[in-house]
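*Asks:* Turn this into a structure:
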Amino acid sequence: MLYYLFTWLQEHVHIPGAGLFQYISFRTAMAVIVSLIITTVYGGRLIRALHNKQVGETIRDLGLEGEKQKAGTPTMGGLIIIAGILIPTLLFAKLDNIYVIVMIVTTIWMGAIGFLDDYIKVFKKNKEGLAGRFKVIGQIGLGTLIAITMYFHPGIVSREEVKNPTSTHAVQIMTDTQTGERYYAENVKSTKTNIPFYKNNEFDYAKVLSMFGLNSSLATFIVFLIVVVFIVTAVSNGANITDGIDGLATGTSAIIGITLAILAYVSGNVIFSDYLNIMYIPNSGELVIFAGAFVGACTGFLWYNAYPAQVFMGDTGSLAIGGIIAAFAILIRKELLIPVLCGVFLLENVSVIMQVSYFKYTKKKYGEGRRIFLMSPLHHHYQKKGYHESKIVMRFFIVSIILAILTIVTLKTR
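*Replies:* Residues are numbered from 1 along each chain as shown. Sure thing, here's the model as predicted:
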């Protein structure tokens, strides 16, 4: 909203400094600041309101140290994060940008699913919350919406080299920064994405079924749809599982958000994308503002969520965070980097799958279930080994930082 206001003021009133709102870097910085103010200043008020409403977390007895002291801690604090994301985005981003629209819809969509789950747990006194199948349906629905939008919306394109342009319309002459050679480039609908550790750095979904002789657009869309739905479901569940001890999911997500902001900036900048030899995605630079609000919201929420937590984000926050990370990575064509960037989420997910699978297998074979970990997900395993929550969280943060740096390094490592 403020972008349009200050653009009008610059054009008609000529107010000094109004032109700053044309710069993505300035609007991103403002989004971070406003998000931090919302989450820290107004977050305290929401926590008090949750206290008054007796919106407390029901703690299951897992035999973990310190868990009884957390009983009654306000939950549904994800509302703070969602407010810290949406308000700065609405203020500083271009609201007619399709990438921003998709991220706003994603935030509200997944936040609503998580809120419904928390509402059932808290107010209906049902510890199970929303049935798992309904969560999955919601995740599949969002993944389908994102896939359809990316595949069919005319505003979502990428710039690709054109060998023999049929017309000069929308075709640009580019210069390769490595060789100095000139070539034609055009903004086109594409099924390509970036792939790490590969020389050409691109992977085309249309070629997945070509080996079977299926080259239709429908077959390509189905492959793309399956990948998007899987990523949205896996990452949102991974964030949900990681939200098990104070500050872990929030801090890890902030680190991931910073990395996504960098990736979005270079992907949406024609100079940097050409230098790094990655896909240039026109208009995707606006996502940096959303990422700034996301990082500010997660960081500000840590003010209250760090050990000992004064509020829990609940599924309202964790499902929204996971959905945001997945959708963001897909939009900037970096979804194949998720196993590296979201390595902590992946480890948490895999630890649960391994534990449950091995328990069922050994119960069927030996008559009694056996475990790989003392408890899953992985952070509970280390709690059972006697590590303090703060130490576990800090070490997971270090791992997240290493993975984030490795993700950025993949832009040049091929």
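*Asks:* Please enumerate the strands of the chain.
*Replies:* Ranges of strands in the chain, per DSSP state E, are 158-162, 171-175, 182-188, 192-194, 202-204.
*Asks:* Mean pLDDT lowest where, among those strands?
*Replies:* Averaging pLDDT over each of the strands of the chain singles out strand 171-175 as the lowest, with a mean of 60.
*Asks:* my guess is Leu378 contacts Asn349, does it?
*Replies:* No - with contacts counted by Cβ atoms under 8 Å, Leu378 stays clear of Asn349, the gap being 9.4 Å. Just so you know, the C-beta spots here come from the backbone N, C-alpha and C atoms, and that holds for glycine as well.
*Asks:* show me the contacts for the residue lying closest to Ile255 once chain neighbours are set aside.
*Replies:* Spatially, and ignoring its direct neighbours in sequence, Ile255 is nearest to Ser400 (4.5 Å; Cβ to Cβ, 6 or more residues apart in numbering). Applying Cβ atoms under 8 Å, 6 or more residues apart in numbering, we find Ser400 in contact with Gly251, Thr252, Ile255, Ile256, Gly343, Val344.
*Asks:* try 7 Å
*Replies:* Thr252, Ile255, Val344 (Cβ atoms under 7 Å, 6 or more residues apart in numbering).
*Asks:* And for Leu130?
*Replies:* Leu116, Asp117, Ile120.
*Asks:* Include neighbour count, pLDDT and distance to Thr28 when you put these into a markdown table, please.
*Replies:* Shown next, in a markdown table, are the contacts of Leu130 (neighbours: other Cβ atoms under 10 Å; pLDDT from 0 to 100; distance: Cβ to Cβ, whole Å):
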| residue | neighbour count | pLDDT | distance to Thr28 |
| --- | --- | --- | --- |
| Leu116 | 18 | 94 | 32 |
| Asp117 | 26 | 92 | 32 |
| Ile120 | 17 | 91 | 37 |
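*Asks:* If we go by neighbour counts, what in stretch 305-321 is buried?
*Replies:* Buried residues in stretch 305-321, counted by 16 or more other Cβ atoms under 10 Å: 305, 307, 309-321.
*Asks:* Can you show me the CA trace of that stretch as PDB?
*Replies:* Extracted C-alpha coordinates of stretch 305-321, given in PDB (Å, rounded to 0.1, in the frame of the first residue of the first chain):
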ATOM      1  CA  ASN A 305       9.700 -18.300  22.300                       C
ATOM      2  CA  ALA A 306      13.300 -18.700  23.300                       C
ATOM      3  CA  TYR A 307      13.900 -20.900  26.400                       C
ATOM      4  CA  PRO A 308      12.000 -20.700  28.700                       C
ATOM      5  CA  ALA A 309       9.200 -20.100  26.200                       C
ATOM      6  CA  GLN A 310       6.500 -17.600  27.200                       C
ATOM      7  CA  VAL A 311       4.400 -18.700  24.300                       C
ATOM      8  CA  PHE A 312       4.200 -21.600  21.800                       C
ATOM      9  CA  MET A 313       3.500 -21.000  18.100                       C
ATOM     10  CA  GLY A 314       1.200 -24.100  17.900                       C
ATOM     11  CA  ASP A 315       0.200 -25.500  14.600                       C
ATOM     12  CA  THR A 316      -1.000 -22.000  13.700                       C
ATOM     13  CA  GLY A 317       2.600 -21.000  13.300                       C
ATOM     14  CA  SER A 318       4.400 -24.200  12.400                       C
ATOM     15  CA  LEU A 319       2.200 -25.300   9.500                       C
ATOM     16  CA  ALA A 320       2.200 -21.700   8.200                       C
ATOM     17  CA  ILE A 321       6.000 -21.500   8.400                       C
END
